[in-house]
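Visitor: can't give you the sequence, but here's the structure:
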């Protein structure tokens, strides 16, 4: 039982490049979410999903896309990276939004 | 819109002394309240949660939290702090008010336990 996995652990991009952050969970959780963590800002919700095929925006969705084709996977796409997207990104899953969330180890992204 | 406030960026406490990390919230409907802890370069780990029932919730590592509906607070407490408790603590809220339910986190409080 791996829990929530995220790849890559570290990534450096140039402004304008695109990439996908991967997130997978093996707990059959319906609810998955992406957060970014910045100093002094806490965790801010980017996008979330309440089940396969259903996604919605969080607090800071601009510049990011998501899709949920399977229960297990919830990738986060950066369309055209900007320095303001330099952050640590966490994926989390739970049975429902009101349940305990399980977090992945995070991806540290630097955009030059 | 729901929100969480953690008014202290940092809390310093001597080892062996009691500690409190403060959290207040605003939400429509009944609140679901959580505390998570983050150690350096790690993801968040669950400590405890309040859904319903007894206002005093006990969690992992000797931590507890008290739900106060009238003050909309959910402060984290521990009777005797350990140096190993030094970490970043996050309060979070969700609700059952309908629609797609989101979880909102506070900005975090850094706990420093001084030997």
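Guide: Right, received. Where do you want to start? The structure displayed is predicted, hence computed values, not measured ones. Residues are numbered from 1 along each chain as shown, chains lettered A, B, ... in the order given.

Visitor: can you name the helix or strand that the residue most central in space within chain A falls in?
Guide: The centroid of chain A falls nearest to residue A:34 when counting by CA atoms, centre = their mean (3.1 Å). Per DSSP states H and E, residue A:34 falls inside strand A:31-38.

Visitor: which neighbours in the sheet does that strand have, and how are they oriented?
Guide: Take DSSP bridges as the rule and strand A:31-38 pairs in its sheet with strand A:42-51 (antiparallel), strand A:87-94 (antiparallel).

Visitor: what's the first helix or strand past the shortest one going along the chain packed up against?
Guide: Using DSSP H and E, the helix or strand that follows strand A:87-94 towards the C-terminus is strand A:102-103. Strand A:102-103 is packed against strand A:87-94, strand B:44-50, with contacts defined by 3 or more CB pairs under 8 Å, 6 or more residues apart in numbering or on different chains; DSSP states H and E. Bear in mind the C-beta positions are built from the backbone N, C-alpha and C, glycine included.

Visitor: hmm, who's touching the longest one?
Guide: When contacts are defined by CB atoms under 8 Å, 6 or more residues apart in numbering or on different chains, strand A:87-94 is touched by residues A:4, A:6, A:21, A:23, A:25, A:27, A:29, A:31-38, A:43, A:46, A:74, A:76, A:100-104, A:106-109, B:43-44.

Visitor: if we use 7 Å, what do you get?
Guide: A:4, A:6, A:21, A:23, A:25, A:27, A:29, A:31-38, A:43, A:74, A:76, A:100-104, A:106-109, B:43 (CB atoms under 7 Å, 6 or more residues apart in numbering or on different chains).

Visitor: could I get the helices and strands packed on strand A:102-103 in JSON lines, plus columns for distance to residue B:28 and mean pLDDT?
Guide: Listed next are these as JSON lines, based on distance: least, CB to CB, whole Å; pLDDT from 0 to 100:
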{"stretch": "strand A:87-94", "distance to residue B:28": "20", "mean pLDDT": "95"}
{"stretch": "strand B:44-50", "distance to residue B:28": "17", "mean pLDDT": "94"}
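
Visitor: count of neighbours near residue 86?
Guide: Going with chain A. Applying other CB atoms under 10 Å in any protein chain shown, we find 16 residues neighbouring residue A:86.

Visitor: meant chain B actually
Guide: Residue B:86 has 18 nearby residues by other CB under 10 Å.

Visitor: sorry, back to before: the strand holding residue A:34: which residues count as buried?
Guide: A:31-37 (16 or more other CB atoms under 10 Å in any protein chain shown).
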